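Engineer: Let's see this in three dimensions:
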Amino acid sequence: MASILKRRKLCCLEPLKCSSMSLQSFDGQKTDKKDEIFVTPLDNLKEKKQKKKNKKQAKEWSCVNNCCWRIGFLCTTWWLLCLLYHFLPPTLPGFQIPESPGMRLKREGVPALHPIILVPGIITGGLELWEGRPCAEGLFRKRLWGGNFAEILKRPLCWLDHLSLDNETGLDPPGIRVRAVPGLVAADYFAPGYFVWAVLIENLGKIGYEQKNLNMAAYDWRLSFQNTEIRDKALSRLKSKIELMYITNGYKKVVVVPHSMGANYFLHFLKWVEAPHPMGGGGGPGWCAKHIKAIMNIGPTFLGVPKAVSKILSAEGKDVAFLRTMAPGILDSDYLGLQTLEHVMRVSRTWDSIISLMPKGGETIWGHLDWSPEEGNNCHDVKKGCVKHTAGDNNYNNSDTKKNFQVKEPMKYGRIISFGKEASQLPSTLLPVLDSKETSCGSNSAIVNLSCIQKIAERNAYTVRTVFDLLRFVAPKMIKRAEAQFSHGIAENLDHPKYNHYKYWSNPLETKLPDAPDMEIYSLYGVGIPTERSYVYKMSPSDKCKSIPFQIDNSAGGEEGSCLEGGVYFVDGDGSVPVVSAGFMCAKAWRGRTRFNPSGVASYVREYQHKRSASLLEWRRVESGAHVDIMGNVGMIEDVLRVAAGATAAEIGGDMIFSDIMKMAERIHLRL
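Structural biologist: Model prediction:
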């Protein structure tokens, strides 16, 4: 009995150990497991505190763990679907893989004739580290952008610091050198399994192209176009590549294939290469006529994109606004320490390339408070109300198509930024008069003036012309750099000496095409996808006003048939670039001999109707018209291959138009 009492005393002192084992007396007799164990109140209190602490720690860990688990689940599912798609028998219904354009043209005997230069756009080109700070130890010549992004998870803040540029100069910060990856591998894949140029390169290889007649003009897409020459001599290297390929391929002219922002970059090059030293390349008049056969612009951003405005204003677009709706607070969570949008905004506002994508042409092109060229279009019907039109067809839309495009009330797309849904729809006479002083107050101050923010957000609407005043308030340093590097207007007199400055060369409305009458210029882009055109904004919560004063009002939506969804108005395009930006120059401003095209360079529009995937496994369909996925579109690839093999525009069918671009062009009154 004494031994049992002694044992129970020990149990009271060590209750956890006692509860996990069978009690046994010192004389070898076992006690019943159901015997009651006495625990002191002090131990009870300690145990409760410990459990509460463990529960709190588990809860804190579960938030981060759950986030990582979701990301891992999505990535794993993606890889499995890709594997299934590639390994399932092609004879299964819905999985027949069409013959690639390269194989078909090879069987037809189409040769590799003209050398090709590929010009990547924004974001898609790889960047590698050549010099960094101590936190980037071990990353010499490793990809910081355009790879597996493994280093993002290891040291995200260090990674963001090395992708940033100097906010004053737009060049490298002290102690950091990040450079473009050279060669075809610079932008064949953006990430493992996510192609950019790879499919086009593969098809070119099937008809005989290789490194001697195929090259990629990689450049640091973060920089302003002229700064790529000042820092890296990128424009000089591009000039040398074209000249070398021209000579080594039997004096055959080069076909240039830019994508997205690369179209504006190469437009800058066309002016730079013929301009005299030191500002230009010194090629002289006639250089382009001698060396270039055709320029085939894929998804060009000739006149900019409205989403560039939202990226600068609040570092968001339709995707971020949607994420805020589905998971409010995650992007800006102080609890998890993410502050994602603040970091994205801090870095992206040092990239001058974002400014090059700002809409060009002002209210003449993009509309004013009561008018826009897209009026009457319904973004929800663009996928089913289009009819193919060819060059010379003046009847662009039949009666059924017109019915499909009619909406109950015209959308005021010209109001690119509206504070509140009401401000995006009211007649302009009912809107308050915008005072330019309201958008300049506090712009030079480190502390945001909250009263000024409130004045800006009081039922005001901004057009492309007035939105620059708003951006000067939220991003004064960025806009100051922008005004020295780019221009976004329309030239009254293109012969004025001021247009010899490089800031005008990437704007097609403020520069002339070169004197090259035998050259051809194409605009190849997808249609049939709702594309961001204008935004409804609201003030951010008070605790976020100093970092991001405004955000898209994702609660703003329209009735059925409206193009307003989640605070974003949509029009026809490729998901990133509206039709008016991609097609207007080749459809009208460069068509025939105009003041923007004095030598009469032949221009053509080739549109590709977007077709949805038949199944989830066909993630990036071969008939996609999306901004990046179009790089795998078999129709677009065949057009590029045939022109590179010597075909003319007439031989590939001339214009191919599905959208309302011709009617939009007629509504734009631009002096030609």
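Engineer: which regions of the stretch 251-400 of the chain lie under the pLDDT threshold?
Structural biologist: 318-339, 377-400 (pLDDT under 70).
Engineer: Kindly recompute the last result at 80.
Structural biologist: Applying pLDDT under 80 to the stretch 251-400 of the chain flags residues 317-341, 376-400.
Engineer: now the helices for it?
Structural biologist: Assigned by DSSP state H, counting those that start in this stretch, the helices in the stretch 251-400 of the chain fall at 262-274, 287-291, 307-314, 318-326, 340-348, 353-356, 362-366, 399-405.
Engineer: Tell me which of those lies nearest to W79.
Structural biologist: Comparing the helices of the stretch 251-400 of the chain against W79 with C-beta to C-beta, the closest turns out to be helix 318-326 (21.6 Å). Every residue, glycine included, has its C-beta placed from N, CA and C.
Engineer: Tell me which of the helices of the stretch 251-400 of the chain sits nearest to G280.
Structural biologist: That would be, of the helices of the stretch 251-400 of the chain and by C-beta to C-beta, helix 262-274, which comes in at 5.0 Å.
Engineer: Show me what the closest one is packed against.
Structural biologist: strand 116-119, helix 225-232, helix 234-248, strand 254-258, helix 287-291, strand 292-298 (3 or more C-beta pairs under 8 Å, 6 or more residues apart in numbering; DSSP states H and E).
Engineer: between these, which one is nearest to W590?
Structural biologist: From the helices and strands packed on helix 262-274, taking C-beta to C-beta, the stretch that ends up closest is strand 292-298, at 11.0 Å.
Engineer: Now do the closest one: distance to the chain's middle.
Structural biologist: Centre-to-centre, strand 292-298 and its host chain are 22 Å apart (C-alpha atoms, centre = their mean, to the nearest Å).
Engineer: returning to that earlier point: columns distance to W159 and mean neighbour count on top of the helices of the stretch 251-400 of the chain, output as CSV?
Structural biologist: Converted to CSV, the helices of the stretch 251-400 of the chain look like this (distance: least, C-beta to C-beta, whole Å; neighbours: other C-beta atoms under 10 Å):
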stretch, distance to W159, mean neighbour count
helix 262-274, 25, 25
helix 287-291, 39, 20
helix 307-314, 19, 23
helix 318-326, 20, 17
helix 340-348, 10, 17
helix 353-356, 19, 24
helix 362-366, 35, 20
helix 399-405, 45, 14
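Engineer: For M662, find the nearest of those.
Structural biologist: helix 399-405 (12.5 Å).
Engineer: tell me how far the following helix or strand past that closest one is from the chain's mean position?
Structural biologist: Reading on from helix 399-405 to the C-terminus, the next helix or strand found by DSSP states H and E is strand 417-419. Between the centre of strand 417-419 and the centre of its chain there are 22 Å (C-alpha atoms, centre = their mean).
Engineer: so what's the backbone phi/psi at I637?
Structural biologist: Backbone torsions for I637, taken as degrees, to the nearest 10, come to phi -60, psi -40.
Engineer: Repeat that for Y569.
Structural biologist: Per degrees, to the nearest 10, the backbone of Y569 is at phi -90, psi 140.
Engineer: okay but it is in contact with P530, surely?
Structural biologist: No. Counting by C-beta atoms under 8 Å, Y569 does not reach P530; the two are 9.6 Å apart.
Engineer: what sits in contact with each of those two?
Structural biologist: Counting by C-beta atoms under 8 Å, 6 or more residues apart in numbering, the common neighbours of Y569 and P530 are C563.
Engineer: related to what we said a few turns ago, what's the closest of the helices of the stretch 251-400 of the chain to G250?
Structural biologist: The nearest among the helices of the stretch 251-400 of the chain, by C-beta to C-beta, is helix 287-291 at 13.4 Å.
Engineer: So which of Y569 and P530 has more stuff around it?
Structural biologist: Ranked by neighbour count (other C-beta atoms under 10 Å), Y569 and P530 place Y569 first, with 28 against 20.
Engineer: Find the nearest non-adjacent residue to the more buried one, please.
Structural biologist: With sequence-adjacent residues excluded and distances taken as C-beta to C-beta, 6 or more residues apart in numbering, Y569 is closest to S534, at 4.5 Å.
Engineer: Any figure for the gap between that neighbour and N633?
Structural biologist: 28 Å (C-beta to C-beta, to the nearest Å).
Engineer: same deal with V568?
Structural biologist: 25 Å.
Engineer: remind me which residues of the protein are low pLDDT?
Structural biologist: For the chain, the ranges with pLDDT under 80 are 1-98, 148-153, 317-341, 376-410, 432-459, 541-547, 558-562, 612-621.
Engineer: Past the longest strand along it, which element shows up next along the chain?
Structural biologist: The single longest strand within the chain, with elements called by DSSP state E, is strand 529-539. Later in the chain than strand 529-539, the nearest helix or strand by DSSP H and E is strand 550-552.
Engineer: sorry, back to before: test my guess that the residue nearest to Y569 contacts I416.
Structural biologist: Yes. Contact criterion C-beta under 8 Å: S534 and I416 qualify, at 4.7 Å.
Engineer: Now do the shared contacts for those two.
Structural biologist: Joint contacts of S534 and I416 (C-beta under 8 Å, 6+ apart) are P306.
Engineer: Comparing these two, which shows the higher neighbour count?
Structural biologist: Between S534 and I416, S534 has the larger neighbour count (other C-beta under 10 Å), namely 31 against 25.
Engineer: and that one, what does it touch?
Structural biologist: 306, 412-418, 424, 568-569.
Engineer: Now the two most distant members of the residues you listed.
Structural biologist: G414 and V568 (15.3 Å).
Engineer: Please report how far G592 lies from P598.
Structural biologist: Taken as C-beta to C-beta, the span from G592 to P598 is 11 Å.
Engineer: cool, and G573?
Structural biologist: Taking C-beta to C-beta, one finds G573 at 30 Å from P598.
Engineer: Settle it for me: which of these two has more neighbours?
Structural biologist: G573 (33 against 14).
Engineer: in which helix or strand would I find the more buried one?
Structural biologist: Counting by DSSP H and E, G573 is part of strand 568-573.
Engineer: which element follows that strand toward the C-terminus?
Structural biologist: helix 579-584.
Engineer: May I see the helices of the stretch 251-400 of the chain organised as CSV, with distance to R671 added?
Structural biologist: Listed next are the helices of the stretch 251-400 of the chain as CSV, based on distance: least, C-beta to C-beta, whole Å:
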stretch, distance to R671
helix 262-274, 20
helix 287-291, 25
helix 307-314, 26
helix 318-326, 34
helix 340-348, 35
helix 353-356, 24
helix 362-366, 9
helix 399-405, 28
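Engineer: Please identify which of those helices is closest to P156.
Structural biologist: helix 340-348 (7.9 Å).
Engineer: That closest one - contacts with which helices or strands?
Structural biologist: Short answer (3+ C-beta pairs under 8 Å, 6+ apart): helix 340-348 packs on helix 156-163, helix 307-314.
Engineer: buried set for the first one?
Structural biologist: If I follow you right, that is helix 156-163. Judged by neighbour count using 16 or more other C-beta atoms under 10 Å, the buried positions of helix 156-163 are 158-159, 161-163.
Engineer: For P115, give me its contacts.
Structural biologist: With C-beta under 8 Å, 6+ apart, P115 has these contacts: 213-215, 245-246, 249, 252, 254-255.
Engineer: Take those residues and lay them out in TSV including distance to D469 and neighbour count.
Structural biologist: Below are those laid out as TSV (distance: C-beta to C-beta, whole Å; neighbours: other C-beta atoms under 10 Å):
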residue	distance to D469	neighbour count
N213	49	21
L214	46	20
N215	43	20
M245	46	21
Y246	46	19
N249	50	16
K252	50	17
V254	42	22
V255	42	23
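Engineer: Please consider this matter closed, and thank you.
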